[in-house]
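> Here's my sequence, what's the structure:
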Amino acid sequence: MRTVPALLAACLAFWLPPSVGKAQAAEMPVDVELVLAVDVSWSMDRAEQEIQRDGYIAALRSPEVQKAIADGIHGKVALTYVEWAGELSQAVVIPWTLVDGKEAAESFAYRLSNAEPDRLRRTSIAAAIDFVAPMFENNGFEGIRRVIDISGDGPNNQGRPVTQARDAAVARGIVINGLPLMTRGGYDAGWGSIEHLDRYYTDCVIGGPGAFMIPVNEWGQFPDAVRRKLVIELAGLWPEPPRREAMRPPAVPAAAGPQTNCRVGEEMWQRRQDR
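You can find the predicted model right below:
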């Protein structure tokens, strides 16, 4: 025979919508929630975009990255892959996915290998950060760390100042790391390129505790740079000081204070418009 409280509970369950009175499912604990935010602007041709995509695929299939995932406190991470270009050009290629071992990492890499990269106009690192930062909320995961991994080959030239977007994301407890692609030789590479893009990323883009960037000076370095970067991000390791004789691109921590004109991309765009 049902008691009065049991009858009341049954009546409430019948009359109330399913979502009312039910506790939300707890978010799954993971070692890191990581967004791979990849530049697909017109400054990179199709072959370069494929090298970039293939670098992430190879990294996810590498034993080093898979071991970094397995060696974490929880032995699992949450990944999503986002492509971005101008202020209104962002796309989630692969949504938040649990990666908890070799099979899951291989599956993520396979899905990525079957997605065609787009080519879009302009470069808005700020809009990419603003698009990605809210994705950490209510995504089904609770990471010890939240990280955005930004790769790109030029400065912000559209949208709000990149430093504002960076600071807003860092204020939400997000770390932003960078992979500046300096494969076109600075100013001589054509419109939109700047000299010392690595300094720009250090001073204007990356931020948060332990933030760092790894510069890529030629496309041959890209696969190793991505692999090293993911190992650091997934394992939570601080990059060792680079040796001069090392052939690998160094991992450079964030600078203490800005030394670069963080509006250089916007100023270049304005001068172009004025002409």
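> Wait, residue 215 touches residue 180, no?
Yes - taking contacts as C-beta atoms under 8 Å, residue 215 lies within contact range of residue 180: 5.2 Å. Backbone N, C-alpha and C define where each C-beta goes, glycine included.
> tell me the pLDDT at residue 53?
Per-residue pLDDT puts residue 53 at 88.
> okay, residue 215 and residue 180: which has more neighbours?
The neighbour comparison of residue 215 against residue 180 (other C-beta atoms under 10 Å) goes to residue 180, with 30 against 21.
> Can you tell me the SS state at that one?
Under DSSP: H, G, I helix; E, B strand; the rest coil, the three-state class of residue 180 is strand.
> Show me what it is bridged to.
Note on residue 180: beta-bridge partners by DSSP bridges are residue 152.
> which residues touch it?
Applying C-beta atoms under 8 Å, 6 or more residues apart in numbering to residue 180 gives the contacts 151-153, 197-198, 200-201, 213, 215-216.
> try 10 Å
The neighbourhood of residue 180, defined by C-beta atoms under 10 Å, 6 or more residues apart in numbering, consists of 39, 150-155, 194, 196-202, 205-206, 213-217, 225, 249, 252.
> do the same with residue 196
By C-beta under 10 Å, 6+ apart, the contact list for residue 196 reads 180, 182, 186, 202-203, 215, 259-260.
> Filter the residues you listed down to the buried ones, PyMOL style.
Here is the PyMOL command that selects only those of the contacts of residue 196 that count as buried (16 or more other C-beta atoms under 10 Å):
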select buried, resi 180+182+202+203+215+260
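> Can I get the contacts of residue 196 in a markdown table including pLDDT, distance to residue 84 and secondary structure?
A markdown table is the format used below for the contacts of residue 196 (pLDDT from 0 to 100; distance: C-beta to C-beta, whole Å; DSSP: H, G, I helix; E, B strand; the rest coil):
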| residue | pLDDT | distance to residue 84 | secondary structure |
| --- | --- | --- | --- |
| 180 | 92 | 15 | strand |
| 182 | 86 | 19 | coil |
| 186 | 45 | 23 | helix |
| 202 | 94 | 20 | helix |
| 203 | 93 | 20 | helix |
| 215 | 92 | 19 | coil |
| 259 | 74 | 26 | coil |
| 260 | 82 | 21 | coil |
